[in-house]
Structures are given as C-alpha cells and as structure tokens.
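Enquirer: Return a 3D structure for these sequence lines:
(chains A and B, ligands or ions: 2)
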Amino acid sequence: MGSSAVGIVANPLAGRDVRRLVAQASVFPNSEKAKMIQRLLAALGAVGVTDAFVSTDVGGISAAVLRSLGPDPAAGRPEWPTVHFVELERYSSTAADTAELVGAMMGAGVGAIVCLGGDGTARAVAASCGDTPLLALSTGTNNVFPEVREATVAGLAAGLVAQGAVDATTVLERDARLEVIAHSRVETALVDVCLTRAASRGARALWDVGGLTELACVFARPDAIGLSSIPGLLCPVPRGAGHGVVLRLVPPRSAPAVVRAPIAPGLVVEVGVASWEHLHRGRPHMMGTGGGVVALDGEREIELDASERVQVRFCTDGPVRIDPSATLAEAAQRRLLCTLPAGAYGPGLPPSNDTP
Amino acid sequence: MSDTLEHRSAEPAELSADQLLDAYRRMRTIRAFEDRVHEEFATGDIPGFVHLYAGEEASAVGICMHLDDGDTIASTHRGHGHCIAKGVDPKPMMAEIFGRRTGTCHGKGGSMHIADLSKGMLGANGIVGAGAPLACGRALAAKLAGNGEVCVVFFGDGASNQGTTLEALNLASVWQLPVIFVAENNGYAETTASSWSVAADNIADRADGFGMPGVIVDGFDFFAVWEVAREAVTRARRGDGPTLMEVKLTRYYGHFEGDQQTYRGDEVERARRDFDCLKWFRTRVTTNGMLDAAALDTIDAEAAALIDDAVAEARSAPLPGREDLETDVYATY
Ligand SMILES: Cc1ncc(C[n+]2csc(CCOP(=O)(O)OP(=O)(O)O)c2C)c(N)n1
Ligand SMILES: [Mg+2]
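Expert: Ligands and ions are numbered 1, 2, ... in the order given. The predicted model follows:
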C-alpha cells in the first residue's frame, strides 16, 4: 500500500556558478523553482495526494510557496495537498541541509520524493533517501541525472507512484552509482567521478578538461551533456547495463583517440582518451597519485594529499528512480486519469449517447 | 574541422608557489593591518571613522592577483584591504589613517580617501555607490586607448541598491566596457540585512537584466575567487565586456569601529572558526604539499613586524602643517 504524502526538496543554491561565465549555462532563478513547486502541488492534488512536505530555505523559494497559499496559509488551497513546511534548526547552505530535510521527510512517511536542482542536489538527496522513489527535476541545462521535464507531469507521476497506483516493477528503476572512498570519507556519484590536477576545489565546477587524468562513469549516453558525454560518444554504456566505464585521459595531441564532447552547455571541446575499460561490480578502480582533486558529478569535491589514492566502486544500490514516461504510460493503460462510463473499456471510445 | 573548436590549455592554469606565497602575504598583511587598526582606534588617536575589512581578504586578493599596475580598482569606505591587495604600501596607509603628513594622501584624506594612482588604486570612497560610475569612466578610457587594461569596482550589498551602481551596470554593458563589478555581499549595509533590502535572491541575479554574466562565489575561499576572477578579467581584456561577480562573505568587525552589533548573532564566531580564508588557504596549500607551513609562519611574522613598524612610524610622523593647506587642491587663493 502506498502513502498519500510526497516530499519536495528544492536547492536554493543551484544554478549560479562559474559556468555562466565560462560557458553559456542557463540561469534558473529561485522564483522559477517556487513556481515549479506550485505546479507540482497542483498535480499532486489532482491525483489525490493528501500531504506534501516541502523543504524550506533561506533563498526565498519556500517563502514564495508560502505566499502562494494566500492570506491564510494554514487553511491551504483546496485543490492542493496540505502543505507542510519542513524546517531546520539552522541552515548551513550546504548539502547537509538537503540531507537533513530529506531525513525529516522520510520520517514523515513520504511515498516519493521530488527534488529540484542539479546533479549535486540529486546526489545529496539520493544519498539520504534510501529506497524511497526519487524523481529528480533539472533546474537548468547542465545536468545528466535530473531530467528536464515539466513539473506538472512529474507531479502526476510522483503522486501516482507514492500512492502505489502503478506497478512498481515497471515504473521504478534501481540505478547504479559510484562509491568513492577517499582517506576519511565515503561519497556517492550518480553519473561520473573524475580526477583533475587542479590545485583546489576552487570554483567547484569543472570546465577545464586540460587537467583531467581519469574519468569513471556509471553510464554514458551519447546524448548527454557533461563529462559522461566523453565515453558517451566513444564507448556508450546504457543505464542499467550492469557495469560502468573508466577512461584514462591525456592531452589530445598525444592521444590515440580524440573525442569532441559537449562537456558543458556551449562548450564542445577536444578530449584525448588513452584507454578505456568497463568498471565492474566488486572490482574497484584505484584513482590518483600526486595530489589533485576528485570531482563528483562535475563538481570538484575531494582535495587529495600528495600521496592519497581513492577507490572508485561500481555499486548497484543507487537510488530508486521514477520513470515518469513509464508511469504515465501505465496510468493511461489503466485509465487512472480518466472517468469513463461503466463497462466502456474497449477501443473506439466513447460509446456514449452523443456519438452519432 | 577540429581546429575550429575551442581548445583549452593542456595544463590547468594554476598558481605557482611564488604566487601562492604572494597571495598569502597580501591576505595576512590585510588581516594584521585591520586587527591592529581595530586596537589603535580604541586608543582614540585615530581621527574620523574606520570600516574594517578583516574576514573579506580572499575577495580583494583573489581578484587583484590578476591585475597589473596599469589595471585599476575603485573601492569603498571599507577600502584598506583593496588598497593592500592592489599593492599600496601599508606604511603610508597607516600614516594616512593617523592623519599624518607621511600618509598616502599627506594625511588629508584618512581611511575613506586613500588613493594611489601609481598602483592603479583610484580611491577609497565615502559615498556608497560612487565607485561603479568611476570604473566605467576609467574602463572607457582603457577601451578607447586599446591598451587592454581593465577596471574592477568593489561595492557592497548596500551599494548594489544605489541608482549609480545600476546605471553603471547598464552603461558598461551597452558600451561593452572592460569592467568587473564585484559585489561584496557581507549580509549587511550598516545594520540592515541584505535579505531585507535587496529585492532579488542574489545580487548576481541582476546581471541578467543588464545582459552580462552573473556569478556567485564563496568569498571565504581564495581559490574560488581567484578562478572566477581569472575568467572575468580574461573576458574583459578580450573585449567581451563586463561581468558581475557576487562574492558572499562576512565582515569580522562591526560596520564601523564602535558599532555594538546588536543586530547579528554568532555568525562571526562561526565564520572565524569554520570558514576563515587564511586558515582555509593554509590547510589547503600545506596538505597538498604546495607550500610548507614554515614559509607561511615566516610571512605571519613579517606581516606582524611590518604593521608594528607602520604604527610606530605613523605615530611619530608629523601632522600636516599650515603650509600644507594649499597643496593637493584644485584652486589656491
Ligand atoms: C550615498 C551614501 N549614503 C549613505 C551613506 C552612509 N553609509 C555608509 S556605509 C553604508 C552601508 C554600506 O553598506 P554596503 O554597501 O553593504 O557596504 P559594507 O559596509 O557592508 O561593506 C551607509 C549606508 C554613505 N556613506 N553614502
Ligand atoms: Mg554590506
């Protein structure tokens, strides 16, 4: 049996990094995220979800959602689920906020979580949402894991999944992930892990492929944006293939293979590949020597000591991802969003009295 | 076909050990300078107001590391850090703050008017929001001269709401001027929180309305500021026009010396403990073996000694005399 509650997590920070300067990455204002939440709420209400747990933030998103509830927010809006704002004692403006918010939503028994942000946001949510089905919506054009999809449609799908109205085995997919074990920390990447010779995390985003030496990907689609497009165009690995891929990167001049890859919006660059191989479960790949920084899903995260190495493991216990297309296909098949005269289930509908 | 593609350098453009030491020295000197002015102000011997920059060092230094003496900066009432980062000599600066004849501006300007054109420092400025139009003028001159020079204007979250700043953003974009607008958002204009007074989620969001890129940077992290500034300065030098960088940071002292700070909680304590730009820098460069701690300790000691000397020299320097009344002025009578 499903739950009639859905969690919504929006990251107020996504979307204003250096990629606006070095590439033509889109800008996604918080006011637009607040509107996406309103569209989600409308869709959740339409499929009968009774409670929505919405993250709060100091970037103005939850404040705008609160305003949209009208002069008496406690009374709510009849066509929406009851909106519960999940608050934190203190906001750190880091991924720790996301983890805490998701924890609270899980405690409230949500049957699905929708997150709004980039790959970094999805990674933070996935790391703490356990087996709760996840639907990650992209706020911007720079992401691989979250989907660019209209929030209203996503809301219908998440609502149907949360309530158990569709068959989990056809609409949910357990993703793989990469586990990165460094020194004192264990991290997850949903799409890619790479090693760069950069001296520091710096501006976090990664756009200078010149410093890249190794890249591991969970999957690699030919139509991806970001680092996974490099194997995506050379040696693609579909989602659910049961293995990932690892590449050794070198300057294009001395490389046996050169890929022209869209590593960021507006940036198609040449990347030299020395070799690649599949990354299998149970056979960890060791990365690094001589310092550098490890980037997770395109963001420099782990600064290495000169002697440190990291272990990258392909794991099949990633987040449980909602497939909105499959969900709505099943909804259509079961006519979950239709009202029909009794017995009228065949083709050639409707058989009612207004047909000639 | 392949040579039409953008080809980034094979080696990441990184800082050399000498540049890292230089950056640390500038940041440490600013901190030592400001901590000392804080103490000296309490003695009552400094005339006028001082607004201290401690805590914000990574912003000024991360940006000014990309500038030469020909490049210029326009500063604010909180300008000591910008001056030191741009290469102005701290000794005459200290003398200026004490109002002495040996000061950068012969003791006639004080804290809020320190200027040194030989270093491309166009001036601290007591008028909130005055810097951005000046920067446009200077950048227009550079553009007409075609000399590749850029101008950086530092301004606060309060100044970001001034008409002058907004007009300058527009003008810079219309004329594609080589200006880098650096909004140092320390969360307050005097006692008013920016969350109350800035009608946008981020100051950087305003860039969209002026047709320029807007980027948010962590102002505690020297490396983050340095990288973003590198791209913004390169863009300006190439003739591609202005950039708006919003640097988020915290000022460690009050708005001015004497501010009781009843409007804020423990944020300074937390910033000093968890994010301090000097600590962060030291940890990074020593753990990855780029520098050894002893070299940084030496800089700490040298900066402290420099500031000791600066204060001693300033205190023993003469005040301007009657004969100075008619110098450095446009008209004499
Ligand atoms: C035109 C003008 N208006 C008001 C003031 C008074 N004043 C001095 S500093 C300040 C606040 C400036 O805040 P912000 O721009 O955020 O800079 P910060 O002090 O935080 O560095 C104000 C209002 C002034 N100096 N000039
Ligand atoms: Mg301010």
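Enquirer: List the buried residues in stretch A:45-65.
Expert: For stretch A:45-65, burial by neighbour count (16 or more other C-beta atoms under 10 Å in any protein chain shown) applies to A:45, A:47, A:49, A:51-57, A:59-65. C-beta coordinates here come from the backbone N, C-alpha and C atoms, glycine included.
Enquirer: no wait, stretch A:66-86
Expert: A:68-69, A:76-77, A:80-81, A:83-84, A:86.
Enquirer: Now do the end-to-end distance for that stretch.
Expert: 12 Å (C-alpha to C-alpha, to the nearest Å).
Enquirer: do the same with stretch A:171-185
Expert: With C-alpha to C-alpha as the measure, stretch A:171-185 spans 33 Å from end to end.
Enquirer: mean confidence score for that stretch?
Expert: Averaged across stretch A:171-185, pLDDT comes to 93.
Enquirer: ok, back up a step: farthest pair in the buried residues of stretch A:66-86?
Expert: Greatest spacing in the buried residues of stretch A:66-86, by C-beta to C-beta: A:R77 and A:V86 (18.5 Å).
Enquirer: Tell me how chain A divides into domains.
Expert: For chain A, automatic domain parsing gives the domain ranges A:5-174+A:323-333, A:177-315.
Enquirer: Turn the ones you listed into JSON lines, columns for distance to B:R322.
Expert: JSON lines is the format used below for these (distance: least, C-beta to C-beta, whole Å):
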{"stretch": "domain A:5-174+A:323-333", "distance to B:R322": "53"}
{"stretch": "domain A:177-315", "distance to B:R322": "54"}
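Enquirer: want to throw those domains into CSV with distance to ligand 1?
Expert: Below are those laid out as CSV (distance: least, C-beta to the nearest ligand atom, whole Å):
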stretch, distance to ligand 1
domain A:5-174+A:323-333, 18
domain A:177-315, 23
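Enquirer: Out of these, which gets nearest to B:W280?
Expert: Per C-beta to C-beta, nearest to B:W280 of these: domain A:177-315, 9.5 Å.
Enquirer: what distance separates the helix or strand hosting B:A229 from the centre of its chain?
Expert: Following DSSP states H and E, the helix or strand that holds B:A229 is helix B:222-237. Computed by C-alpha atoms, centre = their mean, to the nearest Å, the separation of helix B:222-237 from the middle of its chain amounts to 14 Å.
Enquirer: And the helices in the stretch 51-200 of chain A?
Expert: A:61-68, A:95-107, A:119-128, A:151-162, A:168-171 (DSSP state H, counting those that start in this stretch).
Enquirer: Give me the helices and strands touching the host helix or strand of A:I37, please.
Expert: Applying DSSP H and E as the criterion places A:I37 in helix A:30-46. Other elements packing on helix A:30-46 under the criterion 3 or more C-beta pairs under 8 Å, 6 or more residues apart in numbering or on different chains; DSSP states H and E are strand A:5-10, strand A:51-55, helix A:61-68, strand A:112-117, helix A:151-162.
Enquirer: Adding distance to chain B, write the helices of the stretch 51-200 of chain A out as a markdown table.
Expert: Putting the helices of the stretch 51-200 of chain A into a markdown table (distance: least, C-beta to the nearest C-beta, whole Å) gives the following:
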| stretch | distance to chain B |
| --- | --- |
| helix A:61-68 | 8 |
| helix A:95-107 | 12 |
| helix A:119-128 | 14 |
| helix A:151-162 | 19 |
| helix A:168-171 | 35 |
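Enquirer: now these in CSV, with distance to A:S26?
Expert: Formatted as CSV, these follow (distance: least, C-beta to C-beta, whole Å):
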stretch, distance to A:S26
helix A:61-68, 17
helix A:95-107, 21
helix A:119-128, 14
helix A:151-162, 16
helix A:168-171, 29
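Enquirer: element containing B:V247, please.
Expert: Using DSSP H and E, B:V247 falls in strand B:243-248.
Enquirer: pull the CA atoms of that strand into CSV?
Expert: The C-alpha trace of strand B:243-248 is given here as CSV (Å, rounded to 0.1, in the frame of the first residue of the first chain):
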residue,chain,number,x,y,z
THR,B,243,30.9,40.6,-15.6
LEU,B,244,29.1,40.8,-12.3
MET,B,245,30.6,38.7,-9.5
GLU,B,246,28.8,38.4,-6.2
VAL,B,247,31.2,37.4,-3.5
LYS,B,248,29.5,36.1,-0.4
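Enquirer: can you give me the angle that strand makes with helix B:222-237?
Expert: 160 degrees (axes from the mean of the first three to the mean of the last three C-alpha atoms, to 10 degrees).
Enquirer: what about whatever helix or strand comes next after strand B:243-248, near ligand 1?
Expert: Per DSSP H and E, the first helix or strand lying C-terminal to strand B:243-248 is helix B:267-270. No: using C-beta under 6 Å from any ligand atom, helix B:267-270 never reaches ligand 1; the gap is at least 13.3 Å.
Enquirer: residues contacting whatever residue of the stretch 51-200 of chain A ends up closest to chain B?
Expert: Closest contact between the stretch 51-200 of chain A and chain B, by C-beta to the nearest C-beta, is at A:S200 (3.8 Å). By C-beta atoms under 8 Å, 6 or more residues apart in numbering or on different chains, the contact set of A:S200 is A:293, A:300, A:303, B:221, B:223, B:284, B:288.
Enquirer: Distance-wise, check it relative to A:G298.
Expert: For A:S200, the distance to A:G298 equals 16 Å [C-beta to C-beta, to the nearest Å].
Enquirer: Same question for A:A112.
Expert: The gap separating A:A112 from A:G298 is 26 Å, by C-beta to C-beta.
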